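# Fold the following and give me the result.
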Amino acid sequence: MSINTKFKLSLMMFLEFFIWGGWFVTLGLFLEKNLNTTGAQSSAAFSTQSLGAIIAPFIIGMIADKYFNAERILGILHIIGAGLMYQMYQADNFAAFYPYVFAYMIAYMPTLALVNSVSFNQMTNPEKEFSIIRVWGTIGWIVAGLLISLVFGWDSTAGVKEGLLKNTFLMTSIASLVLGIYSFMLPKTPPKGAGGEKKSVSEILGLDAFALLKDRNYLIFFLASILICIPLAFYYQNASLFLGEIEMSNLTSKMALGQVSEVLFMLLLPVFFSKFGIKKTLLVGMLAWVARYALFAYGNVNELSFMLLIGIALHGICYDFFFVSGQIYTDSKAGVQIKSAAQGMITLATYGVGMLIGFWVAGIVTDTFITPDNLHNWEAIWLIPSGIAMLVAILFLLAFKKERKPAAVTA
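Predicted coordinates:
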């Protein structure tokens with residue numbers, strides 16, 4: 001891969017995750033403090049991400065793998081997203097906000113698979129090359145958090161009271177427009193299935209990727225991906241609300257510590273892969289979720305603040321060792337014809353089905369454990385996803401078998 005191509009792909013990843021981190025991290029805090037939502041309403045807003053992820057494989061299967069260049073579809077979706085995000089910026093109540101966040105997620109979630117597809121199409125050795133490109137996405141997320149917290153102060157106590165958090169949507173709208181235009185300058189990623197041959201319905205919808213589930217190990221991984229996203233949903237939905245409620249200062253910038261650790265572990269991922277294999281890599285990622293939520297349950301902003309910071313910093317292991325590893329593992333299992341559809345399928349399993357269930361569970365749990373003074377019993381709330389993650393890790397350890405001849409990743 002040329003230096004020019006590496007730069008283009010790195011900037012693409014930077015903007016892709018700057019956009020996501022630019023509004024999603026503070027969404028829970030914004031919804032409750034500025035739109036006065038309940039736990040159930042917050043759950044509904046966050047669940048739009050999952051609904052978008054469920055629809056994503058069909059968009060990818062119908063378009064990116066069959067008919068149009070992936071980078072062009074990426075550009076169109078981000079330009080549409082820019083307009084929808086601006087409407088979210090203008091909304092002043094949940095009823096007005098919800099339709100736009102729902103439409104936005106339908107547009108945004110397919111782009112997660114598309115940026116992977118564009119990247120993998122330029123690589124000859126994804127196990128070594130992908131993490132170097134993907135790490136720039138993490139840097140983009142970090143920069144978004146630093147701007148929100150340390151530069152603009154939108155997440156400060158005063159900023160929240162003044163309604164400044166809505167500016168995150170304006171910032172994201174601008175970034176989305178920039179990436180939309182820039183996408184047309186990316187390396188060409190033509191559809192692998194292009195041609196005049198007649199295609200079946202399953203090919204058109206990208207359902208051929210589900211043939212990967214015939215592989216027993218991949219089926220176990222697929223199911224584990226769904227289940228581990230239940231505790232992940234607790235973090236996305238409750239972390240900013242939790243830290244805001246216990247009055248942590250500069251919370252968005254401190255939450256960016258998770259992405260700082262993500263950069264480190266992203267770079268270590270190829271080494272861990274080659275030495276320990278896919279099974280141990282995925283297992284370490286799952287166990288990190290157990291530890292993170294236990295630290296959240298028993299930490300505080302006073303003498304035990306270090307526990308909260310360690311819990312945040314564990315995000316690098318939680319995300320890289322399971323989700324990024326899973327994307328690479330999926331690419332190694334997929335054939336040339338279904339690479340984009342396979343990435344869309346794993347997006348369906350994680351950000352779709354798993355987190356849809358997770359947001360629903362998190363909403364119920366959050367509304368259940370409310371104290372008499374209308375705050376939350378965070379110890380009880382965080383111990384529930386910690387226990388779920390432990391159960392998933394144990395089941396994965398017992399069910400996932402050592403692979404004889406993996407396509408690209410050893411176990």
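# C-alpha from now on. contacts and neighbour counts both.
Fine.
# Lowest mean pLDDT among the helices and strands of this protein, which one is it?
Using mean pLDDT, DSSP states H and E, the weakest-scoring helix or strand in the chain turns out to be helix 201-204, at a mean of 56.
# The strand or helix carrying L391: which residues count as buried?
Using DSSP states H and E, L391 falls within helix 378-399. Residues 378-379, 381-393, 396 are the ones in helix 378-399 that count as buried (16 or more other CA atoms under 10 Å).
# elements contacting the longest helix along the chain?
The helix spanning the most residues in the chain, taking DSSP state H as the definition, is helix 257-298. Counting contacts by 3 or more CA pairs under 8 Å, 6 or more residues apart in numbering; DSSP states H and E, helix 257-298 packs against helix 126-146, helix 216-245, helix 305-313, helix 315-319, helix 325-333, helix 378-399.
# ok so, going back, show me what the helix holding L391 is packed up against.
Helix 378-399 packs on helix 216-245, helix 257-298, going by 3+ CA pairs under 8 Å, 6+ apart.
# Please work out the average pLDDT along that helix.
Across helix 378-399, pLDDT averages out at 94.
# same check, this time on stretch 215-227
Here the average pLDDT along stretch 215-227 is 91.
# which parts of that stretch are buried?
N217, Y218, L219, I220, F221, F222, L223, A224, S225, I226, L227.
# Go ahead and confirm T38 touches E32.
Yes: the pair T38 / E32 is scored as a contact, 6.9 Å apart, by CA atoms under 8 Å.
# picking that back up, run the chain-centre distance for the helix holding L391.
19 Å (CA atoms, centre = their mean, to the nearest Å).
# quick check: angle from that helix to helix 216-245?
170 degrees (axes from the mean of the first three to the mean of the last three CA atoms, to 10 degrees).
# Need the residues that contact helix 378-399.
220-221, 224, 227-228, 230-232, 234, 242, 279, 283, 286-287, 289-294, 296-298, 365-366, 369 (CA atoms under 8 Å, 6 or more residues apart in numbering).
# number of nearby residues for S176?
Neighbourhood size, S176 [other CA atoms under 10 Å]: 27.
# With H376 instead?
Neighbour tally, H376, other CA under 10 Å: 19.
# Backbone torsions only: list them for it.
phi -120, psi 150 (degrees, to the nearest 10).
# Against I174, how distant is it?
Distance of H376 to I174, computed by CA to CA, to the nearest Å: 35 Å.
# try K333
As judged by CA to CA, K333 and I174 stand 37 Å apart.
# M88 now?
To I174, M88 is 13 Å away according to CA to CA.
# And for Q49?
Taken as CA to CA, the span from Q49 to I174 is 20 Å.
# and G326, what is it in contact with?
The contact partners of G326, taken as CA under 8 Å, 6+ apart, are L282.
# While we're on it, how confident is the model there?
85.
# Torsion angles phi and psi at I370?
Phi and psi for I370, reported as degrees, to the nearest 10, are phi -110, psi 130.
# Next: L35.
Dihedral angles (degrees, to the nearest 10) for L35: phi -110, psi 0.
# my guess is it contacts F94, does it?
Yes: using CA under 8 Å, L35 is in contact with F94, at 5.9 Å.
# Need the CA coordinates for stretch 147-164. PDB is fine.
Output of stretch 147-164 as PDB, limited to C-alpha atoms (Å, rounded to 0.1, in the frame of the first residue of the first chain):
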ATOM      1  CA  LEU A 147     -12.900  19.600  21.700                       C
ATOM      2  CA  ILE A 148     -16.200  19.100  23.500                       C
ATOM      3  CA  SER A 149     -14.800  19.000  27.000                       C
ATOM      4  CA  LEU A 150     -11.500  21.000  27.100                       C
ATOM      5  CA  VAL A 151     -11.900  23.500  24.200                       C
ATOM      6  CA  PHE A 152     -15.600  24.300  24.200                       C
ATOM      7  CA  GLY A 153     -16.700  23.100  27.700                       C
ATOM      8  CA  TRP A 154     -20.100  22.000  26.400                       C
ATOM      9  CA  ASP A 155     -20.300  19.100  28.900                       C
ATOM     10  CA  SER A 156     -19.500  21.200  32.000                       C
ATOM     11  CA  THR A 157     -22.100  21.700  34.600                       C
ATOM     12  CA  ALA A 158     -22.800  25.300  33.400                       C
ATOM     13  CA  GLY A 159     -22.700  24.200  29.700                       C
ATOM     14  CA  VAL A 160     -25.200  21.400  30.300                       C
ATOM     15  CA  LYS A 161     -27.600  23.900  32.100                       C
ATOM     16  CA  GLU A 162     -27.300  26.400  29.300                       C
ATOM     17  CA  GLY A 163     -28.100  23.700  26.700                       C
ATOM     18  CA  LEU A 164     -24.700  23.900  25.000                       C
END
